[in-house]
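J.: Build me a structure from this.
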Amino acid sequence: MDAVEKANSGHPGLPMGEADVATVLFTRFLKFDPADPAWPDRDRFVLSAGHGSMLLYSLFYLLGYPKMTIDEIKRFRQLGSLTPGHPEYGHTPGVETTTGPLGQGIANAVGMATAERHLASLYGSDIVDHYTYVLVSDGDLMEGISQEAIALAGHLKLKKLIVFYDDNHISIDGPTSLSDDVDQVKRFESAGWLATRIDGHDPTAITAAIEVARKSDRPTMIACRTTIGYGAPNKGGTAKAHGSPLGKEEVAAARVKLGWPYPPFEIPADILAEWRKAGERSKPQHKAWQDRFAKLDDGKRAEFERRISGKLEGKLTAAVRELKQKLADAPKDIASRASSEFALDALTVALPEMIGGSADLTPSNNTFAKGMKVLDASDYSGTYIHYGVREHGMMAAMNGMALHGGVIPYSGTFLVFSDYCRPAIRLAALMGARVVLVGTHDSIGLGEDGPTHQPVEHLAALRAIPNLKVFRPCDAVETVECWQLALESKDGPSVLALSRQNLPQLRLGFDEMNRCALGAYELIAAEDDSAVVSIFATGSEVTIAAEAKKLLTARKISARVVSVPCFELLLATPDAKRAGVIGKARVNVAVEAGVRQGWDAIIGSHGTFIGMTTFGASGPYKEVYQHFGITAEKVAEAALARLEKS
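T.: Down below sits the predicted model:
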């Protein structure tokens, strides 16, 4: 109450309503060590209802997390504090994931619980044996992503996943009955969960429910009937306690009702001492784990440490070199989705921590590498997950896996369906989570499925997300290089946009350098040093650019072709180097089977763009390209027209 009041902003209702549940969980069950918030075998606690962040910050202070001081509590929601309005991963020690957009946290938790089961199957319960606890609100369960998440968790029988549902019957608009009549217990039961109802203010009932859940052979949901803003005599139990300060008079009245006579931010020494003792409760477990870990075989211990740290060492570089040598020896004119599968066959062997998957599009996404086996309830040691048609839940679960550590998740869908993944992609970028989304069928080049499946604005929309790398390789060699860059991007997510149609291998011969690493490079130089036309392209359109150059050469026009597999890397390149790649040609032309947005940073506002201004059309892909004028002839004509005007 005091922190929200001082900030004049925040959500007091959930922290007050869930204080009893949190107290029982953190003081009796949760395995953690404030001195080492990143201990690999700690239990995870996810506050999916991120607006209740003061509950988490209060717990961190009371339990003795060193950086969560009373001064940080007083700075709630202030710029630069460790107590932002919603929990932020990587900003506040102890926060397991960034939450706020409702439903994301429970889906992240499904990924964390999956990673725990997978690593336990590899390293044994002596090294990996922890629970994932989640606190969700009505809003979390109303969001559609929650259904995707709980269905997947039930299917995988993630028995070490325990969800507390803050069943307070209140949403922002008022009673939840205004908009919702779902029986959440039956809903979870139908998805294969153990589900039960308790009084969320009865410590004995809370304790008993957690004990039952910890022995379950499937995930558990505990519906905790609570009063939002518990203790506030006038606003408690109403929407007025949800998202705004209670006000001085109500805070004072709540102090009286709760029998709490102390001034703001003061915790009596004896009470604080009991909480700090609870914070020390798991230290013997932590020490015992360290002793067991030290006794592991040297190789197994080193591999576990490598995987948890996220280091790739030299395995990736060696695998990429071998793949590129194979392509130099035997070029492949194949779709980039097939090139991706060719790369994954080797990369998943070099990096066994890679866990793949697809949203029911495995044969189309080509994400199931040779040698992989399915991860399911019968065998968690597998490395491939059939997510079903659950793009949003899939992406959010991958975020949870990445945050858990020890695995590198990737999965696939059609690029157009990245719209379903976008909220989770954005959070991956915000958190700096290393996840890779394979988006195949990346343009009008998919052909007959038509405009509903042909992405035209999606490359631009994805490129607009900060800290997300969008790769669109032009051939098999670039695909290998882009996979390398995505896997090396430890501090952020990547999207690989891959073609359905076959593409010629334009990069011939062996080049050890990763030429995609600059984001763009001169693929085909002009015949002399005075190119008057620079043609920029990505993906399947690089082939069109190469053909356009031939047409211009036949007209005695000096032209060069620049492949641009990754805008983000190019724009992050130092100015001088970037200028060298872009060049000084009189005319810049870009060709991409998408909208122009974003290209002006490369070709300038006066550059010519050949691409899409409308949605696509259904038909054989070569005819569709002709219909929309994305051809070598149109590129050459556009360049000649600009030359005449310049």
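J.: drop to CA atoms for contacts and neighbour counts, all remaining ones
T.: Fine.
J.: Was I right to think Ala241 contacts Pro12?
T.: Yes - the pair Ala241 and Pro12 passes the contact test of Cα atoms under 8 Å, sitting 6.3 Å apart.
J.: and for these two, which residues touch both?
T.: Residues touching both Ala241 and Pro12 (Cα atoms under 8 Å, 6 or more residues apart in numbering) are Gly229.
J.: Those two: which is more packed in?
T.: Pro12 (30 against 25; other Cα atoms under 10 Å).
J.: Nearest residue to the more buried one in space, please, no chain neighbours.
T.: Met1 (5.8 Å; Cα to Cα, 6 or more residues apart in numbering).
J.: Near the one you found, how many other residues are there?
T.: There are 25 residues near Met1, going by other Cα under 10 Å.
J.: For Ala252, see how far away it is.
T.: 10 Å (Cα to Cα, to the nearest Å).
J.: How about the helix or strand containing Ala319, which residues are buried there?
T.: In this structure, Ala319 sits in helix 315-329 according to DSSP states H and E. Of the residues in helix 315-329, those buried under the neighbour-count criterion (16 or more other Cα atoms under 10 Å) are Leu316, Thr317, Ala319, Val320, Arg321, Leu323, Lys324, Gln325, Leu327, Ala328.
J.: what do you get for stretch 206-224?
T.: Counting neighbours by 16+ other Cα under 10 Å, one finds that the buried residues in stretch 206-224 are 206-207, 209-210, 213-214, 216, 218-224.
J.: what do you get for stretch 62-79?
T.: Using 16+ other Cα under 10 Å as the test for burial, stretch 62-79 gives 62-65, 67-70, 72-77.
J.: Same question for stretch 635-646.
T.: Of the residues in stretch 635-646, Val635, Ala636, Ala638, Ala639, Leu640, Arg642 count as buried by neighbour count, 16+ other Cα under 10 Å.
J.: isn't there a helix covering the third one?
T.: Yes - Ala638 forms part of a helix when assessed by DSSP: H, G, I helix; E, B strand; the rest coil.
J.: Look up how far Gly445 lies from it.
T.: According to Cα to Cα, Ala638 and Gly445 sit 21 Å apart.
J.: burial of the nearest residue to Tyr420 once chain neighbours are set aside, as a residue count?
T.: Residue nearest to Tyr420 in three dimensions, not counting chain neighbours: His392, with 5.3 Å by Cα to Cα, 6+ apart. When neighbours are defined as other Cα under 10 Å, His392 has 25 of them.
J.: how about the helices in the stretch 151-300 of the chain?
T.: Taking DSSP state H, counting those that start in this stretch to define them, one finds helices in the stretch 151-300 of the chain at 184-190, 203-214, 248-258, 269-279, 283-294, 298-309.
J.: got those as TSV, with distance to Ile385 columns?
T.: Formatted as TSV, the helices of the stretch 151-300 of the chain follow (distance: least, Cα to Cα, whole Å):
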stretch	distance to Ile385
helix 184-190	21
helix 203-214	25
helix 248-258	49
helix 269-279	36
helix 283-294	28
helix 298-309	19
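J.: Quick one: those as CSV, columns for mean pLDDT too.
T.: Supplementary listing: these in CSV, determined by pLDDT from 0 to 100:
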stretch, mean pLDDT
helix 184-190, 98
helix 203-214, 98
helix 248-258, 98
helix 269-279, 98
helix 283-294, 98
helix 298-309, 97
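J.: Quick one: closest of the ones you listed to Leu508.
T.: Put simply, out of the helices of the stretch 151-300 of the chain the one that sits nearest Leu508 is helix 298-309, at 34.3 Å, with distance taken as Cα to Cα.
J.: Kindly export the closest one (C-alpha atoms) in CSV.
T.: Provided in CSV are the C-alpha atoms of helix 298-309 (Å, rounded to 0.1, in the frame of the first residue of the first chain):
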residue,chain,number,x,y,z
ASP,A,298,34.4,-33.6,-15.3
GLY,A,299,33.1,-33.8,-18.9
LYS,A,300,29.5,-33.8,-17.8
ARG,A,301,30.0,-31.0,-15.4
ALA,A,302,31.8,-28.9,-18.0
GLU,A,303,29.0,-29.5,-20.5
PHE,A,304,26.3,-28.5,-18.0
GLU,A,305,28.2,-25.3,-17.1
ARG,A,306,28.6,-24.5,-20.8
ARG,A,307,25.0,-25.0,-21.6
ILE,A,308,23.8,-23.0,-18.6
SER,A,309,26.2,-20.2,-19.5
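J.: tell me which residues in that helix are buried?
T.: Arg301, Phe304, Arg307, Ile308.
J.: cool, and stretch 591-602?
T.: Residues Val591, Glu592, Ala593, Gly594, Val595, Arg596, Trp599, Ile602 are the ones in stretch 591-602 that count as buried (16+ other Cα under 10 Å).
J.: What about the residues you listed, which are in helices?
T.: Ile602 (DSSP state H).
J.: name the helices or strands packed onto the helix holding Ala319?
T.: Contact partners of helix 315-329 among helices and strands, from 3 or more Cα pairs under 8 Å, 6 or more residues apart in numbering; DSSP states H and E: helix 336-350, helix 476-488.
J.: now those in a markdown table, with distance to Pro409 and mean pLDDT?
T.: Output for these, formatted as a markdown table (distance: least, Cα to Cα, whole Å; pLDDT from 0 to 100):
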| stretch | distance to Pro409 | mean pLDDT |
| --- | --- | --- |
| helix 336-350 | 11 | 98 |
| helix 476-488 | 10 | 98 |
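J.: Adding distance to Phe164, write those out as TSV.
T.: Output for these, formatted as TSV (distance: least, Cα to Cα, whole Å):
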stretch	distance to Phe164
helix 336-350	36
helix 476-488	35
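J.: JSON lines for those helices, including mean neighbour count and distance to Asp173?
T.: Shown next, in JSON lines, are those (neighbours: other Cα atoms under 10 Å; distance: least, Cα to Cα, whole Å):
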{"stretch": "helix 336-350", "mean neighbour count": "23", "distance to Asp173": "46"}
{"stretch": "helix 476-488", "mean neighbour count": "24", "distance to Asp173": "43"}
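J.: who wins for proximity to Thr97 among those?
T.: With respect to Thr97, and counting by Cα to Cα, the nearest of those is helix 476-488 at 20.8 Å.
J.: Which SSE is immediately downstream of that closest one?
T.: For helix 476-488, the succeeding helix or strand toward the C-terminus, using DSSP H and E, is strand 494-497.
J.: quick one: that following strand to chain centroid distance?
T.: 12 Å (Cα atoms, centre = their mean, to the nearest Å).
J.: So which bits of it are buried?
T.: By neighbour count, with 16+ other Cα under 10 Å as the criterion, the buried positions of strand 494-497 are Ser494, Val495, Leu496, Ala497.
J.: can you check stretch 540-556 too?
T.: Within stretch 540-556, the residues that qualify as buried by neighbour count (16+ other Cα under 10 Å) are 540-553.
J.: cool, stretch 407-426 as well?
T.: Along stretch 407-426, the positions that meet the burial threshold by neighbour count (16+ other Cα under 10 Å) are 407-422, 424-426.
J.: Tabulate the CA atom coordinates of the helix holding Ala319 in CSV.
T.: Taking C-alpha atoms only, helix 315-329 is exported to CSV below (Å, rounded to 0.1, in the frame of the first residue of the first chain):
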residue,chain,number,x,y,z
LYS,A,315,31.6,-26.3,-32.0
LEU,A,316,29.4,-23.9,-34.0
THR,A,317,32.3,-22.4,-36.0
ALA,A,318,33.6,-25.9,-37.0
ALA,A,319,30.1,-27.1,-38.1
VAL,A,320,29.5,-24.0,-40.2
ARG,A,321,32.9,-24.3,-41.9
GLU,A,322,32.2,-27.9,-42.8
LEU,A,323,28.7,-27.1,-44.1
LYS,A,324,30.1,-24.3,-46.3
GLN,A,325,32.8,-26.5,-47.6
LYS,A,326,30.2,-29.1,-48.6
LEU,A,327,28.2,-26.4,-50.5
ALA,A,328,31.4,-25.3,-52.2
ASP,A,329,32.1,-28.8,-53.3
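J.: With that, I have no additional questions.
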